[in-house]
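Asks: from the sequence below, what's the structure:
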Amino acid sequence: MGNSLGKFFTITSFGESHGRGLGVVIDGCPAGLPITVEDIQGEVDKRRPGAGVGTTRRAEQDKIEVLSGVYNGVTTGAPLCLMVWNEDIDSSEYEKTRFLLRPGHADYTAYMKYGGFNDFRGGGRFSGRVTVTFVMAGAIARKLLSLLGVEVLAHAVEIGGIKAEPQGFAEIRRNVNQN
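Replies: Residues are numbered from 1 along each chain as shown. Next up, the predicted model:
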């Protein structure tokens, strides 16, 4: 997978887990789409890690910055550039394990793809932290699609033989919007 997705609405994700920050450039968003930082921030806040078992101890604020493409609350037709800065970074332990391939991580894949030149700290481009860029782009896409009357919902009905209770669209919509 490359760093860009899409043809008419193209997103290019950039940054690494322990780099200066992460961002996304969105090309193909039409001019005149009403958008606020709060529209994007609300979606990004849903993905922030909690304090539960198995989540990262890293406490990033993920405050969105719109660097280009929005003026006076509407898109301009120019590429949008959205950014969050990495603030809670401690890379000190990663050098010790630089050449150890961690189970359940993409260390081997990254090494093979980039020949060892990749930023391995915190998983680099392969970190779950990179998903913030897709969430920012998704918030813009959701806003655009809603103006066209399109709503996208997802619901897992079975995982590993365990079936979820049947739910109607109203319940699924409520769960999607709350989580």
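Asks: now do the helices in the chain.
Replies: Under the criterion DSSP state H, the chain contains helices at 37-47, 107-114, 131-147, 169-178.
Asks: need the winner for burial among the ones you listed.
Replies: helix 131-147 (a mean of 19; mean count of other CB atoms under 10 Å). Just so you know, the C-beta spots here come from the backbone N, C-alpha and C atoms, and that holds for glycine as well.
Asks: which residues are in contact with that one?
Replies: Contacts with helix 131-147, where a contact means CB atoms under 8 Å, 6 or more residues apart in numbering, come from 9, 11, 13-15, 22-24, 26, 29-30, 33-35, 39-40, 42-44, 46-47, 62, 64, 80, 82, 84, 151-152.
Asks: what about the chain, any weak spots by pLDDT?
Replies: The chain contains residues with pLDDT under 70 at 1, 49-60, 88-92, 94-95, 97-99, 120-124, 179.
Asks: strands along the chain, start to end?
Replies: 4-5, 10-15, 21-27, 65-68, 70-71, 74-75, 80-85, 158-159, 162-163 (DSSP state E).
Asks: mind putting these into CSV with mean neighbour count and distance to V132?
Replies: Listed next are the strands of the chain as CSV, based on neighbours: other CB atoms under 10 Å; distance: least, CB to CB, whole Å:
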stretch, mean neighbour count, distance to V132
strand 4-5, 13, 15
strand 10-15, 20, 9
strand 21-27, 20, 6
strand 65-68, 14, 12
strand 70-71, 16, 18
strand 74-75, 18, 20
strand 80-85, 22, 6
strand 158-159, 8, 25
strand 162-163, 8, 29
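Asks: adding distance to L144, write those out as JSON lines.
Replies: Converted to JSON lines, the strands of the chain look like this (distance: least, CB to CB, whole Å):
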{"stretch": "strand 4-5", "distance to L144": "15"}
{"stretch": "strand 10-15", "distance to L144": "12"}
{"stretch": "strand 21-27", "distance to L144": "10"}
{"stretch": "strand 65-68", "distance to L144": "15"}
{"stretch": "strand 70-71", "distance to L144": "13"}
{"stretch": "strand 74-75", "distance to L144": "9"}
{"stretch": "strand 80-85", "distance to L144": "11"}
{"stretch": "strand 158-159", "distance to L144": "31"}
{"stretch": "strand 162-163", "distance to L144": "34"}
